[in-house]
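J.: Provided below for reference: sequence and predicted model.
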Amino acid sequence: MLYIICILAALLPSWLLVRYFVKSDRFPEPTETVWFIFRKGVNVAFLVLAVVLPLSLLWSPLEQSENIWVASAATAFLSAAIPEEFFKHRVLRKFVANHPDFDEPMDGIVYGAVASLGFATIENVLYCLGGGVGTALGRAITAVPAHAAFGAIMGYTFARRHFAGKENGAWGPALWLSVLLHGLYDWVLFVITGITTKYEESDIPDDEAGVIGACFLVFLLLGIYMFARVRRQVAELRAEQLQLLESGT
């Protein structure tokens, strides 16, 4: 019974966020297309595991460094941000860009967020089964919304370039912006986790406590920036849609 509760707690945030992005579109996307892209996002989770597990041997010396900044950066960017965002970006390039339902910029935000939430759902279930309901509640207000924001920002940038006739190559701005945001987000969290784990049975020295405070501030500001940016982009594209409705086109 506890496992069922954990799974439901892990799934609920993704469902609510998918619903939010779909409802944000004045011209809602077909349900079957939304869930098709969501499933492609789910596949990303397994692709990332298949790629990162063997390749992590290459940078494991960095992840095991005694320098917490180096170790955290290696894990944040090499094992998480770059592979995860690369495969999410591949979903946009391969399955969204040429799809007939992808016909306006708002669709980029919807499909970018949905693909990212497909990945986040599998990741969240795995974490929650290992950590319990408390982990599910914590990730419901941090990791899952963050993945949605990474995807929405990627999708917005991707769609703007696509409909402007600009090349959306494999290593375009949409990818690197989401990699940067994701990497920074994870980096400061891993530094905090590394320090608290190091001193879990003793008092944290004042200088290390100061580092934790600074990292938490960066984490907080980054979260505020991302969610404000997503809201601004959604509002911008909804306004454009309203103009189309009023003009009758």
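T.: That came through fine. Residues are numbered from 1 along each chain as shown.
J.: who's in contact with the residue nearest to Met226 when sequence neighbours are not counted?
T.: Leaving aside its chain neighbours, Met226 sits nearest to Ala149 (4.2 Å; criterion: Cβ to Cβ, 6 or more residues apart in numbering). In this view, the C-beta of every residue, glycine as well, is placed from N, C-alpha and C. When contacts are counted by Cβ atoms under 8 Å, 6 or more residues apart in numbering, Ala149 touches 113, 181, 226-227, 229-230.
J.: okay, Ala149: pLDDT?
T.: With respect to pLDDT, Ala149 scores 97.
J.: for Leu126, same thing?
T.: 85.
J.: just Glu201 next, same as before
T.: For Glu201, pLDDT reads 63.
J.: what does the one 4 residues further on give?
T.: On the pLDDT scale, Pro205 is placed at 89.
J.: in this structure, which helix or strand is least confident?
T.: In the chain, no helix or strand scores lower on mean pLDDT, DSSP states H and E than helix 133-140, which sits at a mean of 80.
J.: Report the buried residues of it.
T.: 135-136, 139-140 (16 or more other Cβ atoms under 10 Å).
J.: Leu245: how many residues sit nearby?
T.: By the criterion of other Cβ atoms under 10 Å, Leu245 has 10 neighbours.
J.: Just give the nearest non-adjacent residue to it, would you?
T.: With Cβ to Cβ, 6+ apart, the residue lying closest to Leu245 is Arg26, at 6.8 Å.
J.: show me what contacts that neighbour?
T.: Arg26 sits next to 106, 238, 241-242, 245 when contact means Cβ under 8 Å, 6+ apart.
J.: helix, strand or coil for it?
T.: Secondary structure, DSSP: H, G, I helix; E, B strand; the rest coil: Arg26 is coil.
J.: Report the distance from whatever helix or strand Glu246 lives in to the chain centre.
T.: Element membership for Glu246 (DSSP states H and E) is helix 206-247. Mean C-alpha position of helix 206-247 versus that of the full chain (Cα atoms, centre = their mean, to the nearest Å) differs by 13 Å.
J.: likewise stretch 183-191?
T.: Stretch 183-191 sits 13 Å away from the centroid of its parent chain (Cα atoms, centre = their mean).
J.: Use 22 as the first number from now on
T.: Okay, residue one is now 22; in that scheme the one you just asked about reads as stretch 204-212.
J.: which residue is nearest the middle of this protein?
T.: Residue closest to the average C-alpha location in the chain (Cα atoms, centre = their mean): His168, at 2.0 Å.
J.: Show the contacting residues for it.
T.: Taking Cβ under 8 Å, 6+ apart, one finds 137-138, 140-141, 144 in contact with His168.
J.: Quick check: phi and psi at it.
T.: Backbone torsions for His168, taken as degrees, to the nearest 10, come to phi -60, psi -40.
J.: What distance do you get for it to Asp228?
T.: The gap separating His168 from Asp228 is 33 Å, by Cβ to Cβ, to the nearest Å.
J.: Kindly report the same for Val117.
T.: Applying Cβ to Cβ, the value for Val117 to Asp228 is 47 Å.
J.: got a pLDDT number for Leu238?
T.: For Leu238, the pLDDT comes out at 96.
J.: got any ranges where the chain has weak pLDDT?
T.: Along the chain, the parts satisfying pLDDT under 70 run over 22-23, 191, 222, 270.
J.: Could you give the number of residues near Arg250?
T.: For Arg250, the neighbour count with other Cβ under 10 Å is 15.
J.: Please apply the same query to Pro75.
T.: By other Cβ under 10 Å, 9 other residues sit near Pro75.
J.: do the same with Ser45
T.: Ser45 has 20 nearby residues by other Cβ under 10 Å.
J.: Please, where are all the strands along the chain?
T.: Here the chain has no strands by DSSP state E.
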